[in-house]
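K.L.:
below are the sequence and a predicted model for it; my questions follow.
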Amino acid sequence: MENEPSWLSRRTDDTELDTGFLANVLHEYRRSYGLNQADLAEMLSLDQSYVSKIETGQRQVRDMRTMLHIAERLGIPPAQMGLSNAALSPVSPPSRSGPVDPTDPARRSQHTWRRVRRHLNHNRRSFATLSGALYRAAFPTGNSTFLTRAEWMPSEPLPLDSIRLAWDPVPGRSTPITGTEPEAHHTLPLRAPGRRFDRYTSAVRYLDRPALFENRPSYRLWDVDLSSGQPRMSFRPGTYFAKLDVSEAVAHECAAAHLSGAGSRADWSELPFRELIGDPFDLRRRAVLPAVETLTLRRRRDTGDASFLLHWRDPAKVATAAGVYGLIPAGEFQPSSIAAGEATRDLDLWRGMVREFSEELLGEPEHDGSSGTPLNYDDWPLYQDLRRARTEGRITTHCLGIGLDTLTLAATILTVVVFDDDVFDALFGHSMRINAEGVLVTAAESSTVSEGVPFTEASVRRLVDETPMASPGACLLSRAWNARDSILSRRSR
C-alpha cells in the first residue's frame, strides 16, 4: 500500500486515531472496503466488542497467534504486521463467507480475482508507470503515466467556449473490442464451474461492487482536434459500462501479470488483451468515453495567489481510480437525464462541470443521466450564479487538452476553472469534507476545506512526483503550472 503523504490531510473530523499499529490496520481496512465493525468481526471470527476495543485502544493485542490469525483472515503478509518469524501468507481479498474451499474452482477463481483487484487498487500509480513504458517510444506523454497526441493537446490553454462540440446520434457499427474477446478471458473469474462472467463489470457488480456503480448513458468520443484554429470534439452515444469493460479489464491484466512474477518490467507477452487493443488512440476500435477533470483554483484578489482543491478517492465508493488522489470536481461526461433530446442539449462541458461542482462540493443530488426529468438550468440558482460570475469575468474557464491514462487507457478532458476568492467563498465556502466518492484534502496546515492546497511549484512537484495521484490530475497540474500566467490572468475568459 502506498504511503500517505504527511503534508496532506484527509481527516474527516478534528481528531486522529493514535491507538497502536493494529488499531490503525483494522480501521484502515474497514474504511478501504466499506465495512462496519460487525462485518469485520464476522470476517475475523471475533466478538464485535473485542474488535471495537482494539480499534479504540482499550485492548492491546500482543499475542503472536492472534496477530497471525488476523493477518491471515485479512490477507495481509505477516511480515507487514511485524511477525517477521512467521511464514508469509499470500495476499488475499476480504471475504465474508469464510475460507476458500480448495475443491470449488469457481470460489478459487473468484478469490484470485478479488486478490488481483485489491492489488490493482493499492498500486495503480506504480502500474501506470509500468504501462507507460510500453508506449513511450510510439507516443508522446504528458508525464510518465499519461499519453497524448498532437491533435489532442493545444499549445496553450483554450477558452472553454472556443471548442465546438458536435453530436452524431448514429451508433454506427458494433465496436470491435468490448472486453468479451478470448484475449480478455483471463481477467474474468468463473461464475460457476466451467462458466465465466461475461464482462468485467458483471464481476465487479457481484464480487467487488462499490457504492457508486450504475450503467449510465455517456458521451463516446468520436473525433478530436484541439490543435487547429477551430478546436472541436465530436461524440456519439455510449454507456459507462462499455468503458469499464475494457479499461478496468486491461488494468486488471497488468496487476495479474505483476502478481504472477512479471515484477518491475512491462512485457507485451504478458498482456494479450492490451496487445489486442493496439493503438490506444484509435477511437473506432474501442469505446472511449471521456471523463472531465477540473483543476479548481481559488484566486485571491489582493495578492493574485491561488490554491486548489484535492480529493482522495475511496476504494469502497468508486470503481475507477480508487485509492489515489485526484483533482475535484471530476466525473464522466454524461447527459443529465435520459429524457428525449437531453443528449444533444447537455453536450456542453460547462454544464457537466457545474453538475459535478454541485454534487461533489455541495452534496446535492446527482443529475447523472438516470432520471427521466430534464434539468432546468434556467431555474437552477447555482448555475445562474456561476453564469453571471463568468459573464463578469470573475470566473474563467479553460481546456488544456485530452489524454489517456497509461494503465486503463481511459480518456480525460483536462479543464481549469479560476474563481475570484469572494465568488468561491460565497458559493463553496462551506463545502462538504466527505462526499459520495471520497474525502476532500487540504494541506496539513490548512484550517478549512476552502483553503485547499497552495498552487505553488513546491506543492505541484510534490503531488506529481511523490504522491499516489491519478495520471490525469498529475498531467493537468503540471500543464496548468506551466501556463499559470495565462490561466491566472484576470484578462482571460
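P.N.:
Cool, got the structure.

K.L.:
now His186: how far from Gly261?
P.N.:
Distance, His186 to Gly261, using C-beta to C-beta, to the nearest Å: 15 Å. Heads up, the C-betas are built off the backbone N, CA and C, glycines and all.

K.L.:
between those two, which is the more surrounded one?
P.N.:
Neighbours per residue (other C-beta atoms under 10 Å) separate His186 from Gly261, with His186 holding more: 15 against 7.

K.L.:
is it true that that one touches Glu253?
P.N.:
Yes. In this structure His186 lies within contact range of Glu253 using C-beta atoms under 8 Å: 7.0 Å.

K.L.:
shared neighbours of those two, anything?
P.N.:
Both His186 and Glu253 are in contact with Pro272, Phe273, where contact means C-beta atoms under 8 Å, 6 or more residues apart in numbering.

K.L.:
leaving out chain neighbours, which residue sits closest to Asp208?
P.N.:
Nearest non-adjacent residue to Asp208, counting by C-beta to C-beta, 6 or more residues apart in numbering: Arg117, 5.5 Å away.

K.L.:
for Thr201, same thing?
P.N.:
Nearest to Thr201 is Phe241, by C-beta to C-beta, 6+ apart, at 4.4 Å.

K.L.:
the one you found contacts Asn215, correct?
P.N.:
Yes. Phe241 is within contact range of Asn215, at 4.2 Å (criterion: C-beta under 8 Å).

K.L.:
which one of these two has more residues nearby?
P.N.:
More neighbours surround Phe241 than the other of Phe241 and Asn215, with 24 against 15 (other C-beta under 10 Å).

K.L.:
that one and His311, how far apart?
P.N.:
23 Å.

K.L.:
check Asp245 too.
P.N.:
Counting by C-beta to C-beta, the separation of Asp245 from His311 is 25 Å.

K.L.:
Pro280: what secondary structure?
P.N.:
Following DSSP: H, G, I helix; E, B strand; the rest coil, the label given to Pro280 is coil.

K.L.:
name the element Glu255 belongs to?
P.N.:
Just so we're on the same page, residue 255 is Ala rather than Glu. helix 240-257 (DSSP states H and E).

K.L.:
how far out from the middle of the chain is that helix?
P.N.:
Relative to the chain's own centre, helix 240-257 is displaced by 13 Å; criterion: C-alpha atoms, centre = their mean, to the nearest Å.

K.L.:
after the helix or strand of the chain with the lowest mean pLDDT, next one along is what?
P.N.:
Ranking every helix and strand in the chain by mean pLDDT, DSSP states H and E puts strand 141-143 at the bottom, with a mean of 58. Later in the chain than strand 141-143, the nearest helix or strand by DSSP H and E is strand 146-147.

K.L.:
adjacent strands (with direction) for that following strand?
P.N.:
Partners of strand 146-147 in the sheet, by DSSP bridges, are strand 141-143 (antiparallel), strand 395-405 (antiparallel).

K.L.:
what's the mean pLDDT across that strand?
P.N.:
Strand 146-147 shows a mean pLDDT of 92.

K.L.:
any idea which helix or strand comes after that strand?
P.N.:
Next along the chain after strand 146-147, taking DSSP H and E as the criterion, comes strand 158-159.

K.L.:
so for the very next helix or strand once past that next one, mean pLDDT?
P.N.:
Sequence order places strand 164-167 as the next helix or strand after strand 158-159, per DSSP H and E. The average pLDDT within strand 164-167 is 96.

K.L.:
go ahead and confirm Leu347 touches Pro169.
P.N.:
No. Counting by C-beta under 8 Å, Leu347 does not reach Pro169; the two are 10.6 Å apart.
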